[in-house]
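J.: Need coordinates for the following:
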Amino acid sequence: MPRGAGLMDALLRTQTLRLQTVRAMVVLVLALELAFAAVALLFVLLPMAQRSAHDLAGLMVLSAQTWAELPPQTRPAFERELQINYRLSLRPDLPPPADKGLIHGFYIGYVEQALQQRVGHPLYFERQTDAQGHV
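T.: The predicted structure follows:
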């Protein structure tokens, strides 16, 4: 075996070993990133979304109760304040939306569940966009 061939085999083996190591490191880093993302989602983001949905449901129920107790002449001012500060609109005469098969993200589902727990009957959301493009 020529001396140069052994050196070439060693270089090829080294590159292959290096390539295998890089592949293993990439797979390990991706697996760790996936595991960290799953842990963050399960233990941080989902509980925070649930708490936020319960807080929003509480604000919505309290706003509706306050609106019902206000004299009719002060209700429009209260409605404007809710719209300006919280982007909430009270519409007591609004019928349920025609399409009940609306697919929401998980956060809207949490809000609907929290409202149903607080009020005791199903509630529906209507998707609207204001002049600034906020949903």
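J.: CA atoms for contacts and neighbours, from now on please.
T.: OK.
J.: per-residue pLDDT, Pro122?
T.: pLDDT for Pro122: 76.
J.: okay but it is in contact with Gln116, surely?
T.: Yes - using CA atoms under 8 Å, Pro122 is in contact with Gln116, at 5.3 Å.
J.: And the contacts of stretch 112-122?
T.: Contact with stretch 112-122 is made by Ala53, His54, Ala57, Gly58, Val61, Leu123, Tyr124, as judged by CA atoms under 8 Å, 6 or more residues apart in numbering.
J.: more crowded one of Pro122 and Gln116?
T.: Ranked by neighbour count (other CA atoms under 10 Å), Pro122 and Gln116 place Gln116 first, with 15 against 10.
J.: got the buried residues for whichever strand or helix holds the more buried one?
T.: Using DSSP states H and E, Gln116 sits in helix 106-119. Buried residues in helix 106-119, defined by neighbour count with 16 or more other CA atoms under 10 Å: Tyr110, Val111, Glu112, Gln113, Ala114, Leu115.
J.: Distance to Gly105 added to the contacts of stretch 112-122, as TSV?
T.: Output for the contacts of stretch 112-122, formatted as TSV (distance: CA to CA, whole Å):
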residue	distance to Gly105
Ala53	12
His54	16
Ala57	16
Gly58	20
Val61	21
Leu123	16
Tyr124	14
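J.: Export only the CA atoms of the helix holding Gln116, formatted as CSV.
T.: Only the C-alpha atoms of helix 106-119 are listed here, as CSV (Å, rounded to 0.1, in the frame of the first residue of the first chain):
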residue,chain,number,x,y,z
PHE,A,106,-56.8,27.8,21.7
TYR,A,107,-56.9,31.2,23.5
ILE,A,108,-60.4,32.0,22.3
GLY,A,109,-61.5,28.5,23.3
TYR,A,110,-60.2,29.2,26.8
VAL,A,111,-62.1,32.5,27.0
GLU,A,112,-65.3,30.8,25.9
GLN,A,113,-64.9,28.1,28.5
ALA,A,114,-64.1,30.7,31.2
LEU,A,115,-67.2,32.7,30.2
GLN,A,116,-69.4,29.6,30.2
GLN,A,117,-68.2,28.7,33.7
ARG,A,118,-68.9,32.2,35.0
VAL,A,119,-72.2,32.7,33.3
